[in-house]
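Asker: predicted model, plus sequence, below.
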Amino acid sequence: MITSFFKTGRNDSCPCGSGKKFKKCCLSKQENIYRQALPPLRKLSKNLDIPLLKRGQHLYGPDFLQSAWLDFWMEDDPPEFDFSEIAQWFMPWVFYHWIPSPETLEEVGPSQELNGPIAADYLEKEGKRLDAASRELIITTLAQPFSLWEVQRVEPGVGVEVKDLLLPDRTFFVREVRGSEGQCRWNTMFAKVVTYQDESIFEGSLIPVFPPIETEKIVKLMKRILKEITGKKSQWNTEDLCDASWIMMRAYLVYAEEKWNTFEMPKMRNTDGEDFVLCKLFYRFDPRQKEKLQTAILNLQGIFDPEDEVDEEGKECITFTWIRKGNKVHKHWENTILGTVSLYLKTLLLETNSRERVKRLRMLLEKECGELIEFQYDSYLEADSEVMKAKLQRMSLTSENSKIQGGNDIPPKIKQQIIRKHLEKHYEQWPDTPLPALQGKTPREAVNSRSGKKEVESIVKMMENRSGDEENDLFYDFNKLRRTLGLQEVE
């Protein structure tokens with residue numbers, strides 16, 4: 001089953017943290033907000049769904065969607081038909097593109113002579129009863145193909161600007177309230193864009209979208225299909241894409257499925273080159289000896305003054321950060337975070353991110369604290385465990401390069417300035433850093449060849465894609481990098 005990378009599934013845990021399934025908690029609230037925010041063209045389009053669905057049932061019977069699903073895949077054992085997962089792209093294809101196969105027609109047989117796809121037949125038979133806007137929208141939607149798009153700009157909660165990667169001079173700002181919330185600049189997506197009276201919407205978009213590192217591969221795949229279907233090497237038009245839409249959609253979904261099935265968590269290591277393992281050691285201590293224990297901990301080399309904190313479970317604790325001066329990988333880093341020591345009411349917790357570090361820190365901690373602490377138990381989470389995958393995003397907020405001496409005592413604006421300065425320094429050095437993705441060359445060396453320049457452009461896009469949106473206070477202007485490397489700037 002192809003999985004959405006953006007939305008919460010109906011049976012997933014609700015993101016509000018209630019512990020209930022999404023469908024029994026916040027789904028209805030989210031849907032109400034979504035409906036209220038729908039642009040006029042989207043409402044007009046949705047108003048056609050029921051009439052077109054009834055037309056399909058009239059022509060091909062109550063199970064026509066399953067028939068269309070079999071026709072789409074043309075396989076004896078197609079993927080499972082899960083309407084909630086596929087509706088956003090499958091229904092537009094059924095209404096505006098599907099021409100039943102001879103086998104389907106023989107099995108279900110239309111009740112009368114057809115006039116193209118379901119929407120075309122509906123327009124022919126019922127068009128006179130429709131208002132002008134609905135008629136024009138059906139005509140426009142029938143003429144538009146699915147295509148491959150690159151996200152140029154994102155306005156969360158409003159829409160996205162997309163550029164057609166298969167047809168020239170096609171750029172639209174698409175009103176998309178819900179979908180824009182999960183988008184990032186330079187994502188690649190396969191969708192059908194419909195424009196009516198200067199307003200554009202997605203009339204069907206496939207899941208998932210891909211980061212820019214996959215863009216060139218998918219573009220080559222789609223162009224190869226277009227060549228085979230049309231006999232043209234280039235200069236395709238919307239009619240060509242309409243003819244190839246079904247094959248391209250299948251190819252895109254198969255590509256996504258293969259990527260999903262072969263996905264492996266990257267091998268994660270800390271900056272000492274040690275395998276990333278979240279290590280926790282739990283100790284018991286006498287609360288009456290807490291002051292002595294704090295003094296002992298502060299005697300350890302590299303320990304900062306403690307900070308009052310609240311952990312993920314809402315429990316209050318005192319946390320000491322354990323650092324080492326400098327960093328083996330990032331020469332401009334002043335410190336490396338080795339781990340933390342947290343004191344609760346009766347429990348001491350030592351945390352770090354490798355078995356090697358926890359072994360070293362445990363020895364130092366137990367030697368200094370002696371009989372003040374008593375070991376209880378430990379736990380280890382490998383980087384590829386399911387629990388760890390869920391923690392990675394939260395942990396990224398407190399990565400080795402993000403904690404600064406003084407911690408929560410630093411005013412937010414000052415902390416942002418320090419982190420921004422760190423980013424500036426990092427990207428100043430990046431052009432002269434040898435990269436495995438460039439076969440050991442630096443970006444500055446790689447841009448001297450046409451192929452290398454293309455690879456560097458793709459890497460810069462990937463970094464920008466992962467950095468978040470421009471509304472983020474810590475967003476880095478990647479056009480600085482482009483200017484340094486002689487790449488074309490983007491708006």
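Answerer: Perfect, thanks for sending it. Numbers count the residues shown, from 1 in each chain.
Asker: what score does Gln439 have for pLDDT?
Answerer: Confidence at Gln439, expressed as pLDDT, is 85.
Asker: any chance you could read off phi and psi for it?
Answerer: Here is the backbone geometry of Gln439 (degrees, to the nearest 10): phi 60, psi 40.
Asker: can you name the residues that contact it?
Answerer: Shown in contact with Gln439 (Cβ atoms under 8 Å, 6 or more residues apart in numbering): no residues. Backbone N, C-alpha and C define where each C-beta goes, glycine included.
Asker: equivalent analysis for Ile118, please.
Answerer: Residues near Ile118 by Cβ under 8 Å, 6+ apart: Leu52, Arg55, Gly56, Leu59, Val94, Phe95, Tyr96, Trp98.
Asker: ok, the fourth one touching Gly116?
Answerer: No: in terms of Cβ atoms under 8 Å, Leu59 does not count as a neighbour of Gly116; the distance is 11.6 Å.
Asker: more neighbours, these two?
Answerer: Between Leu59 and Gly116, Leu59 has the larger neighbour count (other Cβ atoms under 10 Å), namely 19 against 15.
Asker: would you mind listing the buried residues in stretch 191-202?
Answerer: Residues of stretch 191-202 classed as buried: Ala191, Lys192, Val193, Val194, Tyr196, Glu199, Ser200, Ile201, Phe202 (neighbour count, 16 or more other Cβ atoms under 10 Å).
Asker: with distance to Ser342 and secondary structure added, can I get those in JSON lines?
Answerer: Formatted as JSON lines, the buried residues of stretch 191-202 follow (distance: Cβ to Cβ, whole Å; DSSP: H, G, I helix; E, B strand; the rest coil):
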{"residue": "Ala191", "distance to Ser342": "47", "secondary structure": "strand"}
{"residue": "Lys192", "distance to Ser342": "52", "secondary structure": "strand"}
{"residue": "Val193", "distance to Ser342": "51", "secondary structure": "strand"}
{"residue": "Val194", "distance to Ser342": "55", "secondary structure": "strand"}
{"residue": "Tyr196", "distance to Ser342": "58", "secondary structure": "strand"}
{"residue": "Glu199", "distance to Ser342": "54", "secondary structure": "strand"}
{"residue": "Ser200", "distance to Ser342": "52", "secondary structure": "strand"}
{"residue": "Ile201", "distance to Ser342": "50", "secondary structure": "strand"}
{"residue": "Phe202", "distance to Ser342": "47", "secondary structure": "strand"}
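Asker: burial measure for the closest residue to Phe210 other than its chain neighbours, as a count.
Answerer: Nearest non-adjacent residue to Phe210, counting by Cβ to Cβ, 6 or more residues apart in numbering: Thr188, 4.6 Å away. By other Cβ under 10 Å, 24 other residues sit near Thr188.
Asker: okay but Thr188 is in contact with Val162, surely?
Answerer: No: using Cβ under 8 Å, Thr188 is not in contact with Val162; the gap is 9.8 Å.
Asker: overlap in contacts, these two.
Answerer: Taking Cβ under 8 Å, 6+ apart as the criterion, Thr188 and Val162 both touch Trp149, Glu150, Val151.
Asker: so, low pLDDT: which residues of the protein?
Answerer: Flagging of the chain using pLDDT under 70 yields the residue ranges 1-39, 109-113, 115, 263-267, 329-332, 383-419, 468-475.
Asker: what ranges do the strands span in it?
Answerer: 146-155, 159-164, 171-175, 188-196, 199-205, 277-284, 307-310, 316-325, 335-343, 347-352, 374-382 (DSSP state E).
Asker: mind putting the shared contacts of Thr188 and Val162 into JSON lines with neighbour count?
Answerer: Formatted as JSON lines, these follow (neighbours: other Cβ atoms under 10 Å):
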{"residue": "Trp149", "neighbour count": "27"}
{"residue": "Glu150", "neighbour count": "19"}
{"residue": "Val151", "neighbour count": "21"}
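Asker: can you list those in CSV and add distance to Lys125?
Answerer: Output for the shared contacts of Thr188 and Val162, formatted as CSV (distance: Cβ to Cβ, whole Å):
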residue, distance to Lys125
Trp149, 33
Glu150, 39
Val151, 38
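Asker: how is this structure carved up into domains?
Answerer: Annotated domains of the chain cover 16-143, 145-265, 277-383, 412-485 [the TED database].
Asker: fine, thanks again, bye for now.
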